[in-house]
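Peer 1: quick one: sequence plus predicted model below, questions after.
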Amino acid sequence: MDVFGFFLDPANWQGPDGIPVRLVEHLALSLAAVLAATAVGLPIGLFIGHTGRFANLAINTSNIGRAVPSFALMVALLPIALDLAPVLGYPPALGLSFLPIFLAMTLLAIPPILVNAYAGLRSVDRDLLEAGRGQGLRERQILRDLELPLASNIIVGGFRTATLQVIATATIGAILSGGGLGRYIIDGVSRNQPDRLFAGAVLVTTLALVVDGLLALAQRRLTPRALRGPAVGRGGSLPAGGEAAA
Amino acid sequence: MEDKPLVDWAWIGDHLDDVVVRLFQHLQLTAIPVALGFVISLGLAIWAIRRPIVYGPTTAITGLLYTIPSIAAFAFLRPIFGLSLLTAIIPLTTYTLLILFRSNVSGFQSVPADVLEAAEGMGYTRRERLRRVELPLAIPLMITGIRLASVTTVGLATVAAILGDSFGGLGQFITEGLQTFFPTKIYLGAVLSVALAFSLDILFVRIELWATPWARARAEQTA
């Protein structure tokens, strides 16, 4: 096995199967899924956290999200995606690759975002909120000026979990002829090329570690200075956190 | 697949023995890593409780291992161990460490300080105190960790099937169904792995209740 050879070969750095193109595919797909999941999960999580209503929904979402394997979900969505593609006006090929991958990534990214938004808001001291109300703050101001800043550490932790989940799921998506860095792993297996397989693993792992490191920095930056503890975890408390490996 | 129904029940009926074998393999792919991970993380947790300086680096390293996407972890090991069970077991074990280490540490931390003092006052040695006071009291949170780790491992174990057909388990149904475009197998693998995850979840909730008679008594008192 010659891993360095794979990275030194200029052919692997250009064209549609080159590392830059695969990296951009991976990032674009991941970003799209995280944005879509945020659009759905964040408002619901903030609503549940702020009002305290439907709290069971948040907890059950996290449990279901943990139990559904990304690989199983993606493949199970395949027949649905095939039927859905023409309805959305997509060419059938997208129903076979992009659509099920994107749907699975989005569905799996919703629970950590939703649950951490809920858990974050719930972690804010009730007395503080009452004090805010006593000072005449409106509910919207309480959410924006008190709850969001105080919960930002946990909320961003949810994005970290969701993003990692999405990057991992995008990798698996290569089995449905999706693009991204997972191609090297899947093709490495099917063509029996250990170099390609190993190089794919190196690339995906590096991507996950770099993105997680950047998000950890962002998490620290967004946390009000007074609340910055020594070690900042990814999820909330253990039983409530929506963490799931992929 | 135009005229075929989405799920071919007759096929499932004819292959029930296959289903049992795969289910059993999947349980094995879950139980071995969780058991190994528990032993390793229990040792790490005891160490971290005695020497708090260990806690930070251990969470950092287990967190780092947890960050590696599962398919990449399997891909790293395949050229080394080939299609042996080690390729699946090693990453699945390292994934449990973050969850189990944290839950074991919080288990030990949940033991009230005065209980520890009382044990010391009664002349327990450190080892006796660990075995007879700290471990039993830490069990509820430890079981919570085992429950989360098991459910997560059930899901991750399906991914191992992508790397080759010798690990078995329910993921095998999914990859085979995909290769032959036979939706019945895909759904069988997906539904069974989710069902397995939920069953384990319920099982461990039960075990937790059973292992903590004092919590049960308290619940009955207040009810």
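Peer 2: Everything's here; your move.

Peer 1: okay, and the residue nearest the centre of chain B sits in which element?
Peer 2: Centroid-nearest residue in chain B, with CA atoms, centre = their mean: B:Ser150, separated by 2.4 Å. B:Ser150 belongs to helix B:135-160 when assigned by DSSP states H and E.

Peer 1: quick check: buried residues in that helix?
Peer 2: B:135, B:137-160 (16 or more other CB atoms under 10 Å in any protein chain shown). Bear in mind the C-beta positions are built from the backbone N, C-alpha and C, glycine included.

Peer 1: which helix or strand lies directly C-terminal to that helix?
Peer 2: Following helix B:135-160 in sequence, per DSSP H and E, is helix B:171-179.

Peer 1: summarise which helices and strands that following helix is packed against.
Peer 2: helix A:70-88, helix B:16-50, helix B:135-160, helix B:183-211 (3 or more CB pairs under 8 Å, 6 or more residues apart in numbering or on different chains; DSSP states H and E).

Peer 1: if we can go back for a sec, the helix holding B:Ser150 vs chain A: in contact?
Peer 2: Yes - using CB under 8 Å from any CB of the partner chain, helix B:135-160 reaches chain A at B:141, B:144-145, B:148, B:151-152, B:154-156, B:158-159.

Peer 1: centre of the chain versus stretch B:159-170, how much separation?
Peer 2: Its chain's average C-alpha position is 17 Å from that of stretch B:159-170, according to CA atoms, centre = their mean, to the nearest Å.

Peer 1: stretch B:212-223 too?
Peer 2: Worked out by CA atoms, centre = their mean, stretch B:212-223 lies 27 Å from the chain centre.

Peer 1: now stretch A:70-86
Peer 2: 19 Å.

Peer 1: check which residues of that stretch are buried.
Peer 2: For stretch A:70-86, by 16+ other CB under 10 Å, it's A:70-79, A:81-82, A:84-85.

Peer 1: in chain B, where is pLDDT below threshold?
Peer 2: Residues of chain B meeting the criterion pLDDT under 70: B:1-5, B:223.

Peer 1: which of the three states applies to A:Gly15?
Peer 2: Following DSSP: H, G, I helix; E, B strand; the rest coil, we place A:Gly15 in the coil state.

Peer 1: tell me how many other residues surround it.
Peer 2: A:Gly15 is flanked by 9 other residues according to other CB atoms under 10 Å in any protein chain shown.

Peer 1: what helices or strands is the lengthiest helix in chain A leaning on?
Peer 2: Ranked by number of residues, the top helix in chain A under DSSP state H is helix A:19-51. Counting contacts by 3+ CB pairs under 8 Å, 6+ apart, helix A:19-51 is packed against helix A:55-67, helix A:98-122, helix A:148-172, helix A:182-190, helix A:194-222.

Peer 1: now do the longest one, average pLDDT.
Peer 2: With pLDDT averaged residue by residue, helix A:194-222 scores 93.

Peer 1: tilt between that helix and helix A:182-190?
Peer 2: Counting by axes from the mean of the first three to the mean of the last three CA atoms, to 10 degrees, helix A:194-222 points 150 degrees away from the direction of helix A:182-190.

Peer 1: right, is helix A:194-222 up against chain B?
Peer 2: Yes - for helix A:194-222, a contact with chain B is found by CB under 8 Å from any CB, at A:194, A:197-198, A:200-201, A:204-205, A:208-209, A:212.

Peer 1: and what of the first one?
Peer 2: Yes - applying CB under 8 Å from any CB, one finds helix A:55-67 touching chain B at A:63, A:66-67.

Peer 1: which among these gets closest to chain B?
Peer 2: Chain B lies nearest to A:Ala67 out of these, by CB to the nearest CB, at 3.8 Å.

Peer 1: picking up where we left off before, by pLDDT, give me the weakest of the buried residues of stretch A:70-86.
Peer 2: Where pLDDT dips furthest among the buried residues of stretch A:70-86: A:Pro79, at 79.

Peer 1: number of nearby residues for the spatially closest residue to B:Leu163 that is not a sequence neighbour?
Peer 2: The shortest distance from B:Leu163 to any non-neighbouring residue, by CB to CB, 6 or more residues apart in numbering or on different chains, is to B:Phe74 (4.5 Å). Around B:Phe74 there are 27 other residues, counting by other CB under 10 Å.

Peer 1: and for stretch B:171-190, what are the contacting residues?
Peer 2: The contact list for stretch B:171-190 (CB atoms under 8 Å, 6 or more residues apart in numbering or on different chains) reads A:69, A:71-73, A:75-76, A:78-79, A:175-176, B:1, B:6-8, B:11-12, B:19, B:22, B:25-26, B:157-162, B:165, B:170, B:192-193.

Peer 1: if we go to 6 Å?
Peer 2: A:72, A:75-76, A:79, B:6-8, B:11, B:158, B:161, B:170 (CB atoms under 6 Å, 6 or more residues apart in numbering or on different chains).

Peer 1: cool, stretch A:136-152 as well?
Peer 2: A:50, A:120-121, A:124, A:129, A:132, A:222-224.

Peer 1: what's near enough to touch residue 106?
Peer 2: All of this is about chain A. A:33, A:36-37.

Peer 1: I was after chain B.
Peer 2: Here B:Ser106 is in contact with B:Leu141 (CB under 6 Å, 6+ apart).

Peer 1: in which helix or strand would I find it?
Peer 2: helix B:85-109.

Peer 1: quick one: that helix to helix B:16-50, angle?
Peer 2: 50 degrees.

Peer 1: now the helix or strand just after helix B:85-109: buried residues?
Peer 2: For helix B:85-109, the succeeding helix or strand toward the C-terminus, using DSSP H and E, is helix B:113-121. Neighbour-count burial for helix B:113-121 flags B:116, B:119 (criterion: 16+ other CB under 10 Å).

Peer 1: could you count how many residues lie near A:Asp187?
Peer 2: 16.

Peer 1: quick one: pLDDT of it?
Peer 2: 93.

Peer 1: for it, give its distance to A:Ala199.
Peer 2: Distance, A:Asp187 to A:Ala199, by CB to CB, to the nearest Å: 11 Å.

Peer 1: how about B:Val21?
Peer 2: Taken as CB to CB, the span from B:Val21 to A:Ala199 is 34 Å.

Peer 1: more neighbours, these two?
Peer 2: A:Ala199 (26 against 14).

Peer 1: what helix or strand is the residue lying closest to the more buried one once chain neighbours are set aside located in?
Peer 2: Of all residues beyond its chain neighbours, the one nearest A:Ala199 is A:Phe6 (4.2 Å), with distances taken as CB to CB, 6+ apart. Using DSSP H and E, the element containing A:Phe6 is helix A:3-8.

Peer 1: can you tell me which helices and strands that helix packs against?
Peer 2: In terms of contacts (3 or more CB pairs under 6 Å, 6 or more residues apart in numbering or on different chains; DSSP states H and E), helix A:3-8 is packed against helix A:194-222.

Peer 1: give me the angle between the helix it packs on and helix A:19-51.
Peer 2: Using the same axes, to 10 degrees: helix A:194-222 against helix A:19-51 is 40 degrees.

Peer 1: what's the offset of helix A:194-222 from the middle of its chain?
Peer 2: 13 Å.
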